[in-house]
Structures are given as C-alpha cells and as structure tokens.
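Enquirer: Quick one: sequence and predicted model below, then my questions.
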Amino acid sequence: MQQTRTPSGSRDYTDEEIRSFVHDLESLQGGDLTVSLLVGCGERAVAPLREFLLNGRPRGVFQPRQRAVETLGELGAKDVLMEYLSHKREIADAVVRFGEEAVENTAARELARWPTDEVFQFLTNLVQRRMLAGAVDALGRFDRPEAAPVFVKALGDDVSRPAAEKALRGIAGKVKPVLLRAVRRTGAQDEEKPSDRQRRRSVVRILADMVLRDEDWKELKPLLQDGDQEIEIMAGEMAVDWAPAAERQEAARFLIRSLDSAHWFLQIRIQECLGRNYAELRELIAHEMSARRRAVRGEPLADSVLRILEKLQFTAEKSGAKENVWHDE
C-alpha cells in the first residue's frame, strides 16, 4: 500500500486514508483543514478527487464539491478540471442545479491559473456553448483582445455581465472597433430583444468612459436618437465630452432636461458630466436655472432639476471652476 508524507513530515498517509480525506470534504466545519491535508498528499490525491467530482452526486449543499475543485486547482490538476467542465449535467432540481453551477464556475476560475493557449481556447469554446460567469471571469484574466466578441455576447446575460464588462474595460483601448460595432442596433427598436438592449447599454457605458476621437463620435452620434433613454443619455454625455463644439451645448441642454425623468444612477452621471465641463457650460446652466425659476409654481425648491443645478453651480463656483479646453482636434 502506498504512503505519502505531509509537508511537515509528521506522518505518512495510506491510499485508504486519502480516500477518507476526500470523503471528509463533506464536513462543512472541517472541510478547510481537509483541503490542506489533501494538498499535502500531492498527486496521489488527484485520482480520488477526480472520482468524487466526476462521479459524485451533485447536491444543493455544493461546498464539498467546490472544495474538491479548489483542491484540484492547488494540485495542478488542470486536465481533471477541463474534463469536469466538458460534461454538461442535466439537473431537474433548481436548487441542485444552482449549486452545481457554482461548482462549475469555481472550476472555470481555477483554470485561470494556467494562462496557456490551450486553456484560453477551452474557455472560449466553453462560453460559446454555455454562458458560465466563472468562465467569462477566467477569460478576462488572460487580457487578450481576441476574446472581445465573447465578452460582448456575455453582456447580454444578467449573471455574466459584470465579469464581461470588467474584462472589456481592461482591453477597451485595443478593441474599440468591436465596441463601436456592438453598440449599433441591428433591427427596429420594437423588435430588439431585452438581452440585446442590455448588451448595447453596457457597451455604451464602456465607450462613455473612454477617450474618443472625431471619427468615433461620428459613428456614435445616431445614438442621440436611439429611442432608449439610457443609451441616449450616455450618448449625450459623450457628446458633451467629445463632440465638435457646435454640438456640445445642445447635448448639455438635452442632459439637463433629462434629469427629472432619468434613473438615479443616470442622474449622477449627468451631474458628473456637467460638473467636469462646468466652465464651458456656466452660461447655459445659468440660463436653464433662470428659465426654471420663472416657470416653477410655488417654492423654487419644488423643481428637483433646479435644486440639482443650484447645487452643481454652488459646488463648481466654490471650487473655482477654471476654463477647460474642450477636446478640439
């Protein structure tokens, strides 16, 4: 019977004891200690862990299988993780299915330990077959522009979107043409699927935080009449920051008039945009405030947009807004 020695050299473990350690992963209290013991057993622990993972029964309590995946990652068992992810399990119970997806996501993230072409291609193919957030996250760590189409596709998935957006932000400067294509609507507005609309919103958010050129803005300008308020507001923000001077004032006016109907997070973005361009928009903002004071009935503070503009003006004037140079080429 083979034996192994722990890193501390305290004693040897038999094959039977190693299998026992794998079984002990089921303990929610002692599982972390068991992981350390199995890692100390080295390569000999891989086979029983593989058996546990591939042939074990998925459960709603998924932490034991998740620990097995993490241990295999620590042991360098890349091939076992890839073998596990290559098999799609049909699980009827929603709770069990959710738990097993957590295990699969952990396995995919563990593969990021190996930044090789083989693993990159495996993860790419996996995401194209199944939208696993862990696989999207792992792909993002490769920092490779050729994965951009995969990330754009993942933006339409509610679970994978944060990882995909993070990954695209990391390579955005290298894949701007991909983003500019992805932001276009391919059909009529009333025919657009919710996932496609959400995908375009995410792409616009990424573009709005990038440095743009005149030719970029020419492609983005149609978004000002997109029909989706969030996309239009983000396009207005980009116009104030990057459009030719003649278009900036009108875009700023549109943003101000969108404040009362915009979602709170868009209100924050509008305020930030007006604030960083305040020196150039001072007269426009003052004019809009004056017009609103004349139009409001009752107390001026009843106009929420007027309150926002007054606060913006006070903050900017107090900080001494300086003349900024807009991004003229």
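Expert: Cool, got the structure.

Enquirer: give me the low-pLDDT residue ranges for this structure?
Expert: Scanning the chain for pLDDT under 70 picks out 1-11, 28, 30-31, 298-301, 321-329.

Enquirer: Geometric centre of it: which residue is closest?
Expert: The centroid of the chain falls nearest to Pro162 when counting by Cα atoms, centre = their mean (2.0 Å).

Enquirer: Show me which positions of the helix or strand containing Ser202 end up buried.
Expert: Assigned by DSSP states H and E, Ser202 belongs to helix 194-208. Neighbour-count burial for helix 194-208, counted by 16 or more other Cβ atoms under 10 Å, picks out 196-208. Bear in mind the C-beta positions are built from the backbone N, C-alpha and C, glycine included.

Enquirer: From those, pick the one nearest Phe122.
Expert: Proximity to Phe122 was ranked across those by Cβ to Cβ; first place goes to Arg199, at 24.2 Å.

Enquirer: Reformat the buried residues of helix 194-208 as CSV; add distance to Leu284.
Expert: Listed next are those as CSV, based on distance: Cβ to Cβ, whole Å:
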residue, distance to Leu284
Asp196, 35
Arg197, 31
Gln198, 32
Arg199, 33
Arg200, 29
Arg201, 27
Ser202, 30
Val203, 29
Val204, 24
Arg205, 25
Ile206, 28
Leu207, 24
Ala208, 20
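
Enquirer: Of the residues you listed, which is the nearest to Arg185?
Expert: For the buried residues of helix 194-208, the closest approach to Arg185 (Cβ to Cβ) belongs to Arg200, at 6.6 Å.

Enquirer: Give the closest residue to the closest one in space, chain neighbours not counted.
Expert: Nearest in space to Arg200, with sequence neighbours left out and distances taken as Cβ to Cβ, 6 or more residues apart in numbering, is Val183 at 5.4 Å.

Enquirer: my read: that neighbour touches Arg205, true?
Expert: No - applying Cβ atoms under 8 Å, one finds Val183 not in contact with Arg205, separated by 10.2 Å.

Enquirer: for the residue nearest to the centre of the chain, what are its contacts?
Expert: Pro162 makes contacts with Ala133, as judged by Cβ atoms under 8 Å, 6 or more residues apart in numbering.

Enquirer: where exactly do the strands run in this structure?
Expert: Taking DSSP state E as the test, the strands found in the chain are 3-5, 12-14.
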